[in-house]
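K.L.:
next input, structure requested:
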Amino acid sequence: MVGSDSPPVHPCTKAPTALTLYNLKNLNLKNLRVRNAQQIQISIEKCNNVSVKNVEITVLGDSPNTDGIHITNTQNIRISNSDIGTGDDCISIEDGSQNVQISDLTCGPGHGISIGSLGDDNSKAYVSGINVDGAKLSETDNGVRIKTYQSRFFIRPGGSGTDKNIKFQNIRMDNVKNPIIIDQNYCDKDKSEQQESAVRVNNVVYRNISGTSATDVARYSA
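P.N.:
Numbering: from 1, shown residues only. Model prediction:
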């Protein structure tokens, strides 16, 4: 058990991650409970050959910046049989992540399953081989989302790289506000300059996704 029985209070930008797994190989993480960490609950960084199984994460739905499982620069990771409720992304997948397999996931509350954001601050980003096969999302702000930074109206170069070979399948969504999103004009700052280039999104498959949307528009792309 990691975390606190009390909900996060006054979270700040420098609040700690509950558990960081860094530069590890052949990692097995199972039967873990994380509750009410101030920001990111579990961060998996620069790892290879990772198995995450039977993990339960519980955070209030209005807690900011509380990603459940955050993955970056990690290859060959399998997440299965896990239940994540949080105030941000249930699972966030960032630059350098390859061959990520997610199955038997329950998500909610939260912001769903997100790839990105990618290409911020003119950076190069490479993500490939993401397969979500078997998930249930309930009462989340988003369902399955890809987000890259702004790319319109020539001012200065934006991010670059590729986000490719993505598959979302066998997913049930119940009362999700934005079930399917590809947003290539993403900005999480008060003001962002428009860009002339962005991370390329290629070969994305959606298959057997069903359920209900909490909004009139169930699919959004930019």
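K.L.:
make it CA atoms for all contacts and neighbour counts henceforth
P.N.:
Noted.
K.L.:
any weak-confidence spans in the chain?
P.N.:
Under the criterion pLDDT under 70, the flagged ranges of the chain are 1-14, 151-159, 188-197, 218-222.
K.L.:
what's the helix or strand Asp133 falls within packed up against?
P.N.:
Counting by DSSP states H and E, the element that carries Asp133 is strand 124-138. For strand 124-138, the packing partners by 3 or more Cα pairs under 8 Å, 6 or more residues apart in numbering; DSSP states H and E come out as strand 98-107, strand 160-176.
K.L.:
make it 10 Å
P.N.:
Contact analysis of strand 124-138 by 3 or more Cα pairs under 10 Å, 6 or more residues apart in numbering; DSSP states H and E lists strand 75-85, strand 98-107, strand 113-118, strand 142-149, strand 160-176, strand 200-213 as its packing neighbours.
K.L.:
Ala18 is nearest to which of those?
P.N.:
strand 75-85 (14.5 Å; Cα to Cα).
K.L.:
quick one: strands adjacent to the closest one?
P.N.:
Strand 75-85 pairs in its sheet with strand 48-58 (parallel), strand 98-107 (parallel), by DSSP bridges.
K.L.:
need the ones you listed in CSV with distance to Ser117 and mean neighbour count, can you?
P.N.:
Shown next, in CSV, are these (distance: least, Cα to Cα, whole Å; neighbours: other Cα atoms under 10 Å):
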stretch, distance to Ser117, mean neighbour count
strand 48-58, 21, 19
strand 98-107, 15, 21
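K.L.:
switch those strands over to a markdown table; also include distance to Val34.
P.N.:
Below are these laid out as a markdown table (distance: least, Cα to Cα, whole Å):
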| stretch | distance to Val34 |
| --- | --- |
| strand 48-58 | 5 |
| strand 98-107 | 14 |
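K.L.:
quick one: closest of the ones you listed to Tyr149.
P.N.:
Here strand 98-107 is closest among the strands paired with strand 75-85 (Cα to Cα), at 20.0 Å.
K.L.:
and the residue minimising distance to the centre of the chain, how close does it get to Asn31?
P.N.:
The C-alpha lying nearest the average C-alpha coordinate of the chain belongs to Ser92 (Cα atoms, centre = their mean; 2.0 Å). Ser92 is 20 Å from Asn31, where distance means Cα to Cα, to the nearest Å.
K.L.:
now Leu21
P.N.:
Look at Leu21 and Asn31: by Cα to Cα, they are 16 Å apart.
K.L.:
what's the answer for Val127, then?
P.N.:
For Val127 relative to Asn31 (Cα to Cα), the value is 28 Å.
K.L.:
neighbours of Lys124, how many?
P.N.:
17 (other Cα atoms under 10 Å).
K.L.:
correction: Pro64
P.N.:
When neighbours are counted by other Cα under 10 Å, Pro64 comes out with 21.
K.L.:
my read: it touches Ala15, true?
P.N.:
No - assessed by Cα atoms under 10 Å, Pro64 is found out of contact with Ala15, at 11.0 Å.
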